[in-house]
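Visitor: Build the 3D model from these lines:
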Amino acid sequence: VSIGNCWAFQGQQGQVVIRLPARVHLTAITLQHNVDEASPLGMVISAPRDVSAYLLSLCLVLQGLQENGGEEILLANFTYDVAGTSIQTFPLKAPFPTAFHLIKLAVTSNWENPEYTCIYRVRVHGQMA
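Guide: Just a heads-up that it's a prediction; the model follows:
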């Protein structure tokens, strides 16, 4: 979580699929970015702003992700607040009855950095199935 050691992607939009080590009934998602004081420019415009989280009904195969029904279930839409703390947790409204291995985070905007967006840490909270 040191400055510059982040998952960075070009532009203001991007997505990542995370394979969890076990099937999980999700209850919350935590995002982390650096704080203003730690940033060399004194601002965090590369932080994600609007984020959507999805559960995926996909199976993992050796060649990559192969569609198995192709269903995406929207878990939540949330906004990372750069005026808040560097670590922000977004509780989900209710645990889902089905446990999943895969979650997709889709960043749809950042705090006005046209070149790149950075995420320092993602945490997924829940109960293992």
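
Visitor: what's the neighbour count on Pro21?
Guide: For Pro21, the count of nearby residues is 7 (other CB atoms under 10 Å). (C-beta placed from N, C-alpha, C; glycine too.)

Visitor: Actually, His101.
Guide: 18.

Visitor: Which residues are in contact with it?
Guide: By CB atoms under 8 Å, 6 or more residues apart in numbering, His101 lies in contact with Arg19, Leu20, Ala22, Arg23, Val24, Leu60.

Visitor: Could you measure from it over to His125?
Guide: 16 Å (CB to CB, to the nearest Å).

Visitor: same question, Tyr116
Guide: With CB to CB as the criterion, Tyr116 and His125 are 27 Å apart.

Visitor: Just give the nearest non-adjacent residue to Leu26, would you?
Guide: Gly126 (4.2 Å; CB to CB, 6 or more residues apart in numbering).

Visitor: Would you tell me which strand is longest in this structure?
Guide: In the chain, taking DSSP state E as the definition, the longest strand is strand 14-32.

Visitor: Before I go, just wanted to say thanks for your time.
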